[in-house]
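S.K.: model the structure of this input:
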Amino acid sequence: MDTYLIKKDLTKGLHFYISFKNLNNLMHDDLLNHTTKYARLLKAINEYLVTLESECKSLSSNIYIEKIADSRIHCVIEECEQLPKFFYLIVSAAFNYIDVINDEIMKKSGLPNLIINCGVDYGFYVDYATNFEINNEDNSIGYPCNKAAKIQSEANDFEILLSKASYARLIIGDFKYSVKSLDPSRKILSGTIYEGEICYSIRKYELEITRLENQYFINESLYNQFRKKISIFDDRILNESQIANLSGDIKTNCSVLYCDIRGFTRKFNKDGSNLVSMAKHTSDCLEKMYNCTRGNMQHLQFQGDRELAISDRDIGRTIKNAFLLIDEFKKQQKFLTESQILDTSGTSIGIGIAFGDIFLAHVGIRGSKDPLVLGNVPVYADYAEDKIAKRDFKISLHKSAYEEATKNPTDPLCLTVKSCFAISSNPEYYISKDGISYAEYSGLFTKFYNELNSQNQSNTGAKPWRIE
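M.R.: Numbers count the residues shown, from 1 in each chain. So this is what the prediction gives:
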């Protein structure tokens, strides 16, 4: 990666995430049963994204899909006079198109409905690209980018959750929404910097009320085209070989790693005045993540201030990379603070790792393809990073990763991992012990390797690790 590029300077706008809430569970069922019954669903989701992007383009150049990250779509509407109308039309289309997929594919195949929800925030942000040797990745930072994602994760089935700021922007003028404030007993955003904020809810059936009250209608041409295309994915028409060709790649014995920057959002000024400089610092941190993982892992995507990487090599390399990531981030922190470039107090990283079979597909917008990692393994890794590795510079292993690393009781990797990790308050996850550095972790591995080798008890051919 060479540098970063500010695509849009300080901007104000609406950020919202549309999530396929149960897609991972559906695809995990497919992995367990080694079938292709959800292959046509992936093809439909690709068509869904392409059509939704066409819907955005037909309305205004102020609307765009930034990327699909995991199983959710990040959409942006830049500040403009018709922002409330544009938001309604896009989110209404998103829900209507899901109805088509459920009618034409899920129901006819006797499968569970695909469920979506949405989270929304409004405010200042900066849009930038991280530049690779081959291609670029779009990214944005700012309160609305982060908060909309957090809010979406709290939304119920077919619900749209609005922040206080987005609610205030969307009810301006004559445009009316059937919106209700959340009951105070419903606690959301607990443990985040947004805890206690009032949020508002729109349910799926209330979208129709909004449409009638405001006399806005979906794009009938795009809707009919979409329904026609989706109907050809019906299993009564496709034969098994055609269905198989619609699927992505099943990767077996694969580790998934998420590495998230903690505390950077707190460094953003409310008025967005430092977001351009913060974009540079965020990009530098992501470059560190990219460089640390690329040797033994496959970088897939940056997600705001988070790295997603996978590996189908041994789990030991992934755990090694996690400790290396922490050391490199600490070095960068020290440099920024000592150089008086940025006060890095309160910033850290957290890492989550899980192991098993994943489904890797690629879905397209803007003529390119974004990675889509599906199944329970990425869900476990995500939970490990977000919920278990919450303290500074912690690594959390889901039991799938811990059990894979410790399956051979005489292996140096097993002994090292058992020495460096302890079971967390959630028995499904393990957490790194305090103060374990990359050098200490590698030193322990070397120590156990030498001890076992000297006793002629290890015939694995393992060698002490080095930075590659």
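S.K.: now for the one helix or strand V100 maps to, which elements pack on it?
M.R.: V100 is located in helix 83-101, with elements delineated by DSSP states H and E. For helix 83-101, the elements it packs on are strand 4-20, helix 39-59, strand 72-78, strand 116-131, helix 164-170, helix 204-214, helix 220-231, judged by 3 or more Cβ pairs under 8 Å, 6 or more residues apart in numbering; DSSP states H and E. For every residue, glycine as well, the C-beta is placed using N, CA and C.
S.K.: how about a markdown table for the ones you listed, with mean neighbour count, mean pLDDT and distance to Y97 added?
M.R.: Output for the helices and strands packed on helix 83-101, formatted as a markdown table (neighbours: other Cβ atoms under 10 Å; pLDDT from 0 to 100; distance: least, Cβ to Cβ, whole Å):
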| stretch | mean neighbour count | mean pLDDT | distance to Y97 |
| --- | --- | --- | --- |
| strand 4-20 | 20 | 86 | 10 |
| helix 39-59 | 21 | 87 | 5 |
| strand 72-78 | 23 | 95 | 11 |
| strand 116-131 | 24 | 90 | 9 |
| helix 164-170 | 19 | 93 | 21 |
| helix 204-214 | 15 | 73 | 13 |
| helix 220-231 | 15 | 89 | 6 |
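S.K.: need the ones you listed in a markdown table with distance to H362, can you?
M.R.: Putting these into a markdown table (distance: least, Cβ to Cβ, whole Å) gives the following:
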| stretch | distance to H362 |
| --- | --- |
| strand 4-20 | 15 |
| helix 39-59 | 9 |
| strand 72-78 | 15 |
| strand 116-131 | 19 |
| helix 164-170 | 31 |
| helix 204-214 | 29 |
| helix 220-231 | 19 |
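S.K.: who wins for proximity to R294 among these?
M.R.: For the helices and strands packed on helix 83-101, proximity to R294 was assessed by Cβ to Cβ; strand 116-131 is nearest, at 13.3 Å.
S.K.: paired strands for that closest one, with orientation please.
M.R.: Here strand 116-131 is paired, per DSSP bridges, with strand 4-20 (antiparallel), strand 136-141 (antiparallel), strand 159-162 (parallel).
S.K.: show me what the last one is in contact with.
M.R.: By Cβ atoms under 8 Å, 6 or more residues apart in numbering, the list of residues contacting strand 159-162 from outside reads 91, 117-120, 151-152, 154-155, 170, 179, 182, 188, 199-204, 207.
S.K.: list every C-alpha atom in it, with coordinates, as PDB.
M.R.: What follows is strand 159-162 as a C-alpha-only set of coordinates in PDB (Å, rounded to 0.1, in the frame of the first residue of the first chain):
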ATOM      1  CA  GLU A 159     -36.700  -2.400  11.700                       C
ATOM      2  CA  ILE A 160     -35.000   0.900  10.900                       C
ATOM      3  CA  LEU A 161     -33.300   2.500  13.900                       C
ATOM      4  CA  LEU A 162     -32.600   6.300  13.700                       C
END
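S.K.: beta partners of I431?
M.R.: When bridges are taken as DSSP bridges, the partners of I431 come out as S396, A422.
S.K.: burial measure for it, as a count.
M.R.: Residues near I431, counting by other Cβ atoms under 10 Å, number 20.
S.K.: after the helix or strand hosting G352 comes which helix or strand?
M.R.: G352 belongs to strand 348-365 when elements are defined using DSSP H and E. Next helix or strand after strand 348-365 toward the C-terminus (DSSP H and E): strand 368-374.
S.K.: what mean pLDDT does that following strand get?
M.R.: Mean per-residue pLDDT for strand 368-374: 79.
S.K.: relative orientation of it and strand 348-365 in degrees?
M.R.: If you take axes from the mean of the first three to the mean of the last three Cα atoms, to 10 degrees, strand 368-374 sits at 120 degrees to strand 348-365.
S.K.: what angle separates strand 368-374 from strand 72-78?
M.R.: Relative orientation of strand 368-374 versus strand 72-78 (the same axes, to 10 degrees): 140 degrees.
S.K.: mind listing what strand 368-374 pairs with, with the direction of each?
M.R.: Based on DSSP bridges, the pairing partners of strand 368-374 within the sheet are strand 348-365 (antiparallel).
S.K.: where does pLDDT dip in this protein?
M.R.: Counting by pLDDT under 70, the low-confidence segments of the chain come to 1-4, 7, 30-37, 132-135, 173-175, 212-217, 234-248, 364-368, 456-468.
S.K.: rewinding a little: out of the helices and strands packed on helix 83-101, which gets nearest to T265?
M.R.: strand 116-131 (11.5 Å).
S.K.: please state the offset of the closest one from the chain centre?
M.R.: Taking the mean C-alpha point of strand 116-131 and that of its whole chain, the gap between them comes to 13 Å (Cα atoms, centre = their mean, to the nearest Å).
S.K.: now S58: how far from L52?
M.R.: According to Cβ to Cβ, to the nearest Å, S58 stands 11 Å off from L52.
S.K.: so what touches stretch 421-438?
M.R.: 320, 323-324, 326-327, 380, 383-384, 387-389, 394-399, 402, 420.
S.K.: hmm, try it at 6 Å
M.R.: The contact list for stretch 421-438 (Cβ atoms under 6 Å, 6 or more residues apart in numbering) reads 323-324, 327, 384, 388, 394-399, 402, 420.
S.K.: for those residues, work out which two are farthest apart.
M.R.: Comparing all pairs in the contacts of stretch 421-438 by Cβ to Cβ, the longest separation belongs to D327 and K399, at 25.5 Å.
S.K.: quick one, strands of the stretch 251-400 of the chain?
M.R.: 298-302, 306-311, 348-365, 368-374, 394-398 (DSSP state E, counting those that start in this stretch).
S.K.: next, the angle from the longest one to strand 298-302.
M.R.: This points to strand 348-365. 90 degrees.
S.K.: strand 348-365 vs strand 394-398, what angle?
M.R.: Here strand 348-365 points in a direction 60 degrees away from that of strand 394-398 (the same axes, to 10 degrees).
S.K.: which one of the strands of the stretch 251-400 of the chain lies nearest to I98?
M.R.: When the strands of the stretch 251-400 of the chain are ranked by proximity to I98 (Cβ to Cβ), strand 348-365 comes first, at 15.1 Å.
S.K.: scan this structure for its longest helix.
M.R.: The helix that spans the most residues within the chain, counting by DSSP state H, is helix 315-338.
S.K.: which elements pack onto that helix?
M.R.: Identification of packing neighbours for helix 315-338 by 3 or more Cβ pairs under 6 Å, 6 or more residues apart in numbering; DSSP states H and E yields strand 249-262, helix 275-293, strand 348-365, helix 399-405, helix 438-454.
S.K.: can you rerun that using 8 Å?
M.R.: Against helix 315-338 (3+ Cβ pairs under 8 Å, 6+ apart) you get strand 249-262, helix 275-293, strand 306-311, strand 348-365, strand 394-398, helix 399-405, helix 412-420, helix 438-454.
S.K.: what residues of the longest one count as buried?
M.R.: Applying a neighbour-count criterion of 16 or more other Cβ atoms under 10 Å, one finds 275, 278-290, 292-293 buried in helix 275-293.
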